[in-house]
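S.K.: structure for the following, please:
(one chain, ligands or ions: 1)
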Amino acid sequence: MKHDAAARAAKLRSQIAHHNRLYYELDRPEISDADYDALMGELRELERAQPQLITPDSPTQRVGGAPSGKFPKVRHRVPMLSLANGFSTEDVAAFIDRVRRFLKLDAAEPIELTAEPKIDGLSLSLRYERGVLVRGATRGDGTEGEDVTANVRRVEDIPARMHGHGAPQVCEIRGEVYMTRSAFLKLNEEQSSAGRTVFANPRNSAAGSLRQLDPEVTASRPLRFLAYAWGEMSELPAATQWDMLRWLQARGFPGNPLSRLCCSLDELLAFHREIELERATLDYDIDGVVYKVNRLDWQRRLGFVGRDPRWALAHKFPAQKATTLLNAIELQVGRTGALTPVAKLAPVNVGGVVVSNATLHNEDYIRELDVRIGDTVTVQRAGDVIPQVLGVVPERRPPHSHPFQFPKTCPCPLSTPVVRDLTATGKEGAISRCSGELACPYQRVEHLRHFVSRRAFDIEGLGEERINLFFERGWIAEPADIFTLPRRDDTIQLSRHEGFGELSVRNLFAAIEARRTVPLERFIYSLGIRHVGETTARSLARGYGAFHAFREACRRLAQGEAEARQELDAMDQIGDAVIESLTAYFSEPHNAGMVDRLAREVRILEAERPATKSPISGKTIVFTGRLERMTRDEAKAMAERLGASVSGSVSKKTSMVVAGAEAGSKLKKAEELGVRVLDEGAFLDLVNDRG
Ligand code: IVH
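M.R.: I've put the predicted structure just below:
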């Protein structure tokens, strides 16, 4: 009897896990909410009668009762970054030059760099406290990832305890989870014969295997791990990247034995060639080689541009190519109305991925290549970028084909005229746009999709498909409508519609509520203003501090107030293109109204002040003249790291001017306006940081 109960409980757990997966991951539930509740009820009853049956991973043990099905979020104490890409010898040479210039090294000084194969898996951060693994998290958006600790514990390459004695108090070890090609092929065979999901490539397979709700499943998958970086460290056990890689290995983390320490551009390029030749024989996928400045003190000085470290470069391998038939050319309407011609292809395998769409970029590109429907074309795919059509195979052109006529009207139901952008000099630009703006339903939908995307409002359960559906039904026409949706549900009655159980509606509304509070920078980014990407949105948020200040500035901008323009101009990272586009956006009453309606629905947090308190935090600094002890870029990076903003022009808002040798008009202006002037030495003394 007892045995039967245990078997029944195990069966229920696996059934529930199965339905969780269908519901949460695949979005196609097979049973009704009531039937699901019945399974849970039965399991709870069994566990109540015989508590020894409760397992830690039982769906009944999840906080809040309801199976979350999702992994909790974790904020990375040190963000997980990405890498800038290079494709050519020139790109690598330019990278090294940039490092040299930034650090003010003279041409004779050697720069050591590590060269590491760039493995194609998913990055992971492992937190060890006193040498013991306490948390594993995926990269997520770099700032916030998912807590996959239970699964990470089941990956054999990942030690539960660091090897050796005297590990630092806190170590965050970073690296890549991946699957070997052979293991991937074997797994796919097993999956297919068991009638389960088959994965497209080793990377997807590794990702899918790590993000399992049931750690047992993860344990059964052949996952591997390679360490190559670190996050928070209570102490740094080495002074170079190379010694850190060796230290990681000594502590029990597998490293890539192919990595090498190089001393010159030639050595880097030779390594790249060698690895490219070896690539086909490796049992794991790589998509390039990563170069990193070896000295960690130099890495620190070099710092970051956006999300990319200045001290590293991913030197990618050339893209993979194939030829196939072009069946049609469709126009895709982007968020800002830009029309992108997309080639509809006979499906073709390009380096292990089936491609049936590829971009043709724009009208001129099609004309230059003379791409015609019915042509055989070459397509290429490079890493994660969208596949593109490279050219035509002329011998295969069918007789009687015609040059492609780029449409003169938008494919949207309004058929608004297509216009070409003008460049700053008044010439015709490359981009064709639907002139319908937000009257064009395609643009509105794209705008909404951007609004809910991961880096914007990130509303769980409101992906592209649902946005399309809600838009078509007229339930959501603009962002503010998302937040009034729960209030309007009396009339809409979402749970009565196909594909929406009561539980999923509850979850959706909870996800909407969860995003009602939003940091200013995300709010600004989500508006989808041209030229306002994440970095610019952050600068604007920091520059204005609070929403009302930003909104007021945009109102003044739209009214043509010169001072509002100047204010913006003085802000870090804000140039003419951004100013023009903010002006255009807020001059359009529809846009302004949309922003205000949205702002009434949400709570917008003030911008985060830079973490460090320093003598220059919050100050606006202008550097001018020739600096001796640091480069201009380095000075700017340092000032920003210490919470100041750096401007290119002196105004009465400038807090101080740091004047190097031969300073000219800016120094004069500072003196006229009575702005504080420091020389380089005094500035370094003030911030007490000699770099
Ligand atoms: S270093 C701050 N080293 O490539 C530097 N990344 O394109 C952070 N990757 O997210 C990354 N091999 O998933 C680094 N030897 C290596 C790598 C590597 C693969 C991946 C990693 C990262 C992505 C960036």
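S.K.: for this structure, which residues are neighbours of the ligand?
M.R.: Counting by C-beta under 6 Å from any ligand atom, the positions of the chain adjacent to the ligand are 81-83, 116, 118-119, 123, 176, 228-229, 290, 309, 312, 314. Any C-beta I mention is one placed from the backbone N, CA and C, and that applies to glycine too.
S.K.: which of those residues are buried?
M.R.: Among these, those classed as buried by 16 or more other C-beta atoms under 10 Å are 81, 83, 116, 118-119, 123, 176, 228-229, 290, 309, 312, 314.
S.K.: follow-up on the earlier one: now for the residues of the chain next to the ligand: which two are most distant?
M.R.: 119 and 309 (17.8 Å; C-beta to C-beta).
S.K.: which residues touch residue 162?
M.R.: 128, 131-132, 171, 251-252 (C-beta atoms under 8 Å, 6 or more residues apart in numbering).
S.K.: sorry, that was for residue 680
M.R.: Taking C-beta under 8 Å, 6+ apart as the definition, contacts of residue 680 comprise 627-630, 658, 660.
S.K.: and the residues you listed as JSON lines, adding neighbour count?
M.R.: Rendered in JSON lines, the data for those read as follows (neighbours: other C-beta atoms under 10 Å):
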{"residue": "627", "neighbour count": "20"}
{"residue": "628", "neighbour count": "11"}
{"residue": "629", "neighbour count": "14"}
{"residue": "630", "neighbour count": "22"}
{"residue": "658", "neighbour count": "26"}
{"residue": "660", "neighbour count": "19"}
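S.K.: and which of these is nearest residue 334?
M.R.: residue 630 (41.1 Å).
S.K.: doesn't residue 636 make contact with the closest one?
M.R.: No. Taking C-beta atoms under 8 Å as the definition, residue 630 is not a contact partner of residue 636, at 9.4 Å.
S.K.: quick check: buried residues in stretch 469-480?
M.R.: When burial is assessed from 16+ other C-beta under 10 Å, stretch 469-480 yields the following buried residues: 470-471, 475-476, 478-480.
S.K.: ends of that stretch, what's the gap?
M.R.: For stretch 469-480, the separation between the terminal residues is 17 Å (C-alpha to C-alpha, to the nearest Å).
S.K.: avg pLDDT for that stretch?
M.R.: Per-residue pLDDT values across stretch 469-480 average out to 94.
S.K.: for it, the distance to its chain's centre please.
M.R.: 26 Å (C-alpha atoms, centre = their mean, to the nearest Å).
S.K.: just the endpoints, please. Distance across stretch 429-439?
M.R.: Criterion C-alpha to C-alpha; first-to-last residue distance in stretch 429-439 is 23 Å.
S.K.: so what's the gap between that stretch and the chain middle?
M.R.: On C-alpha atoms, centre = their mean, the centre of stretch 429-439 falls 26 Å from that of its chain.
S.K.: give me the residues contacting that stretch.
M.R.: By C-beta under 8 Å, 6+ apart, the residues outside stretch 429-439 that reach it are 333, 336-339, 361-365, 406, 410, 412, 414, 416-423, 440, 442-444, 447, 588, 590-591, 594.
S.K.: point me to the residue of the stretch 501-650 of the chain nearest the ligand.
M.R.: Here the stretch 501-650 of the chain gets closest to the ligand at one residue, residue 637, 15.6 Å apart by C-beta to the nearest ligand atom.
S.K.: excluding residues flanking it in the chain, which one is nearest that residue?
M.R.: Counting by C-beta to C-beta, 6 or more residues apart in numbering, residue 637 lies nearest to residue 303, which is 4.7 Å off, once chain neighbours are set aside.
S.K.: one more: residue 592?
M.R.: Using C-beta to C-beta, 6+ apart, the nearest residue to residue 592 is residue 586, at 5.3 Å.
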